[in-house]
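> Following is a predicted model, sequence given first.
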Amino acid sequence: MQPMLEVSNLHKNFGGVKAIDDLSFSVEPGEICAIIGPNGSGKTTSINLITGVLEPDSGDIKLKGTSLKGVPRHKRARLGITRTFQNLRLFNTLSVLDHVMAGRFCRSDASFMSYSLLTKAARTENAANVARSIELLELVGLKGKEHLAAASLPYGQRRQLEIARALATDPCLLLLDEPAAGMSSGEINDLIDLIFRIQAMGITVVFIEHRMPVVMTAADKIVVLNYGRNIAQGNAEEIQANTQVIEAYLGSAYKRELN
């Protein structure tokens, strides 16, 4: 089976700093992959490279076997790559429904003129987009909140809204940057359930996370970065037993807790 995502010998420098240093890993279709590591290890930079926010100095990124070299970020979205951000990127006064509708934009076929004239094609497409957006809000637990302003939602629900907006692009690959940041334990359990529901939709998920319960519970594969390099990868059991990972990131206290 061809990997959904292949990262091969990737390098990215910022001046004299090696943010990504010969990074390679792959993610299979339908897999949930967690990327972990200390602060500054290159986790968010790797997502920025995959989504086209940054271009690598060398190496290659492939989606379903096709190289993304030179492909701008908006075209990567059309190919099926979408993401959320470590810091929430919402418009406070925009409604919950409008946020998700904004994600449908890259899948719209009707022209700006069609929407301006409210042609039949535009009305039909808009109705379909509204229906799909409401389905996604139900998926993430926000049904009935369509007309609320995003700013009125509690923090955990704003995180869910950002995921719904990303899913509105109809992705094959969803990238989540610290989705559990700032969440309570109950919200984290809901997030884990949501990640599994997204996987059941046939979507491949790659997420960055520091909250180890999320990583160890949800991830099929874990990739560990340190100083921009992949120092280990495997399932939860293998990563928890890896001495190099314990020394670089998890710490001896984590090892004692497991024992």
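Thanks, I have it.

> Could I get the full set of strands for the stretch 1-150 of the chain?
5-14, 17-27, 32-36, 58-63, 66-67, 81-83 (DSSP state E, counting those that start in this stretch).

> between those, which gets nearest to residue 190?
Comparing those against residue 190 with CB to CB, the closest turns out to be strand 32-36 (16.0 Å). All C-beta atoms are positioned from the backbone trio N, CA, C, and that covers glycine.

> How far does stretch 167-181 stretch from one end to the other?
19 Å (CA to CA, to the nearest Å).

> quick one: low-confidence ranges for the chain?
111, 252-259 (pLDDT under 70).

> Could you tell me which helix of it is the longest one?
Ranked by number of residues, the top helix in the chain under DSSP state H is helix 120-139.

> and residue 118, how far is that from residue 168?
22 Å (CB to CB, to the nearest Å).

> Let me see the ranges of the helices in the chain.
43-51, 73-79, 96-103, 112-117, 120-139, 155-167, 185-200, 212-218, 236-240, 243-245, 252-258.

> As JSON lines, these with distance to residue 65 and mean neighbour count would be great.
Putting these into JSON lines (distance: least, CB to CB, whole Å; neighbours: other CB atoms under 10 Å) gives the following:
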{"stretch": "helix 43-51", "distance to residue 65": "15", "mean neighbour count": "23"}
{"stretch": "helix 73-79", "distance to residue 65": "12", "mean neighbour count": "15"}
{"stretch": "helix 96-103", "distance to residue 65": "26", "mean neighbour count": "22"}
{"stretch": "helix 112-117", "distance to residue 65": "34", "mean neighbour count": "12"}
{"stretch": "helix 120-139", "distance to residue 65": "28", "mean neighbour count": "16"}
{"stretch": "helix 155-167", "distance to residue 65": "23", "mean neighbour count": "22"}
{"stretch": "helix 185-200", "distance to residue 65": "21", "mean neighbour count": "16"}
{"stretch": "helix 212-218", "distance to residue 65": "26", "mean neighbour count": "18"}
{"stretch": "helix 236-240", "distance to residue 65": "27", "mean neighbour count": "16"}
{"stretch": "helix 243-245", "distance to residue 65": "30", "mean neighbour count": "15"}
{"stretch": "helix 252-258", "distance to residue 65": "37", "mean neighbour count": "11"}
